[in-house]
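In: Could you work out the structure for the sequence below:
(chains A and B)
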Number of protein chains: 2
Amino acid sequence: MEDFLVLVDIGNSFFHIYKNGEIYNLKEPKKFSEDVFYISVNQKKEKEFLELNKNAINLEKYVKFDTSYVGLGIDRIMACKTIKDGVVVDAGSAITIDIMQNSIHLGGVIMPGIRGFREAFVKISKKLNYNFCEVDFNKLPHNTQEAISYGSIGAIILMIKNLKKDKKVYLTGGDGRFLSRFVDGIYIKDLVFRGMIKTIKEDL
Amino acid sequence: MEDFLVLVDIGNSFFHIYKNGEIYNLKEPKKFSEDVFYISVNQKKEKEFLELNKNAINLEKYVKFDTSYVGLGIDRIMACKTIKDGVVVDAGSAITIDIMQNSIHLGGVIMPGIRGFREAFVKISKKLNYNFCEVDFNKLPHNTQEAISYGSIGAIILMIKNLKKDKKVYLTGGDGRFLSRFVDGIYIKDLVFRGMIKTIKEDL
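Out: Numbering: from 1, shown residues only, chains lettered A, B, ... in the order given. Sure thing, here's the model as predicted:
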């Protein structure tokens, strides 16, 4: 089935495209000739996209998902939908950390993305304008670059560890692979798309 | 002694003034007739200040402080200088968390300030434009406001708890009192000025 359709995850920074098992990101919307299923967290980008793909189907109307969280983003729902038990980390513009147990969503946390932390530091002072370096939790930072890396990437890792308890961690999103180096977790590039495919197969 | 002088802590957002035991913040520099001792982390603001207070003495040249941290901000040095053992949290534009042991600085972490987190969220999406609410670590967030509060204030608290181990926590800075509600710590409004007074008494 997956070969005859295009899946589009419209985020705040990119159009994330899944086609023929490949994933790629576009800054601008694109017209597709295949059947298109999509989700969106960005109204403006969604409108641009629908102008080119008038028959695209928004999966948000159909997806079944068990949560008491009010206003859970559709991208987070899809990332969580194929995870029965575990912590789901989607590291993009924002970093969302959601807890699944027995296929029920128990709640979740939102942090700024890695780029958001970088920009926040630069806005505070030019003296904090460093790329992030590796974080070593076994020693305290001894210069500015180490201090801001610990205070951002370290803070994200601490939050994941605090929430995971004995659960497995599943990471996705642009910075998911990078973060997977620091937590004992599995990076799944197409996690959101897996949720979309499950929705098409089971909920439509 | 403290009654005949003015202490000025020039930060990235404010001129913090200590005079006659009172502390107040100014957006613009001011001319003083008393003896003025100051520290600064902002060159531009320092220059403006020195134009009005030509004889003001920069304590950075005189302060004695034991650390192997390269480039430790003078405001952090002063906040730590009167703490023999403990974790020193200065919550302003940035939040710095420094570890003192036997009057030696062991290292420290920099996080964005609470306002920095707020602005980072708003920049990611208008949907994340909420004031922060109370963080309850005993339950998972169930809406956006709870999720971003947990992901910012919660992240700061987690970081402090992670670093404090069995040490006491001393908080200062604009958001220090607020944060002291969430950690078992002591809020000391004039912590930086205490370090400046100690410097004048012992190092000058």
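In: Could you double-check that residue A:78 lies in contact with residue A:199?
Out: Yes - with contact defined as CB atoms under 8 Å, residue A:78 reaches residue A:199; the gap is 7.1 Å. Placement of C-beta: from N, CA and C, glycine included.
In: what do the two both touch?
Out: A:59, A:63 (CB atoms under 8 Å, 6 or more residues apart in numbering or on different chains).
In: neighbours of residue A:4, just the number please.
Out: Neighbours of residue A:4 under the rule other CB atoms under 10 Å in any protein chain shown: 8.
In: cool, and the one 3 residues further on?
Out: Taking other CB under 10 Å as the neighbour definition, residue A:7 ends up with a count of 27.
In: Next: residue A:5.
Out: By other CB under 10 Å, 18 other residues sit near residue A:5.
In: Strands of chain A, start to end?
Out: A:5-10, A:15-19, A:22-26, A:35-40, A:57-58, A:66-67, A:86-91, A:94-101, A:104-112, A:169-172, A:185-187 (DSSP state E).
In: Which one of the ones you listed lies nearest to residue B:47?
Out: Ranking those by proximity to residue B:47 (CB to CB) places strand A:104-112 first, at 32.1 Å.
In: I'd like to know which elements that closest one is packed against.
Out: If contacts are counted by 3 or more CB pairs under 8 Å, 6 or more residues apart in numbering or on different chains; DSSP states H and E, strand A:104-112 sits against strand A:66-67, helix A:74-81, strand A:94-101, helix A:153-164, helix B:114-124, helix B:144-150.
In: at 7 Å instead, please
Out: Using 3 or more CB pairs under 7 Å, 6 or more residues apart in numbering or on different chains; DSSP states H and E, the elements in contact with strand A:104-112 are strand A:66-67, strand A:94-101, helix A:153-164, helix B:114-124, helix B:144-150.
In: on contacts alone, who are the packing partners of the first one?
Out: Packed against strand A:66-67, as judged by 3+ CB pairs under 7 Å, 6+ apart, are the following elements: strand A:104-112.
In: List the neighbouring strands of the strand it packs on plus their orientation.
Out: Strand A:104-112 pairs in its sheet with strand A:66-67 (parallel), strand A:94-101 (antiparallel), by DSSP bridges.
In: per-residue confidence averaged over the longest one?
Out: Along strand A:94-101, the predicted local confidence has a mean pLDDT of 98.
In: between that strand and helix A:153-164, how many degrees?
Out: Relative orientation of strand A:94-101 versus helix A:153-164 (axes from the mean of the first three to the mean of the last three CA atoms, to 10 degrees): 20 degrees.
In: for chain B, what are the nearby residues on chain A?
Out: Selection of chain A residues close to chain B by CB under 7 Å from any CB of the partner chain yields A:12, A:68-71, A:93-94, A:99, A:106-113, A:116-117, A:119-121, A:123-125, A:128, A:140-144, A:147-148, A:150-151, A:155, A:158-159, A:162.
In: can I see the domain layout of chain A?
Out: A:2-61, A:84-189 (automatic domain parsing).
In: okay, those domains in CSV with distance to residue B:176 next?
Out: Output for the domains of chain A, formatted as CSV (distance: least, CB to CB, whole Å):
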stretch, distance to residue B:176
domain A:2-61, 33
domain A:84-189, 16
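In: okay, these, which one's buried deepest?
Out: For the domains of chain A, average neighbour numbers computed from mean count of other CB atoms under 10 Å in any protein chain shown are highest in domain A:84-189, which has a mean of 20.
In: where does that one sit relative to the chain's centre, distance-wise?
Out: Relative to the chain's own centre, domain A:84-189 is displaced by 11 Å; criterion: CA atoms, centre = their mean, to the nearest Å.
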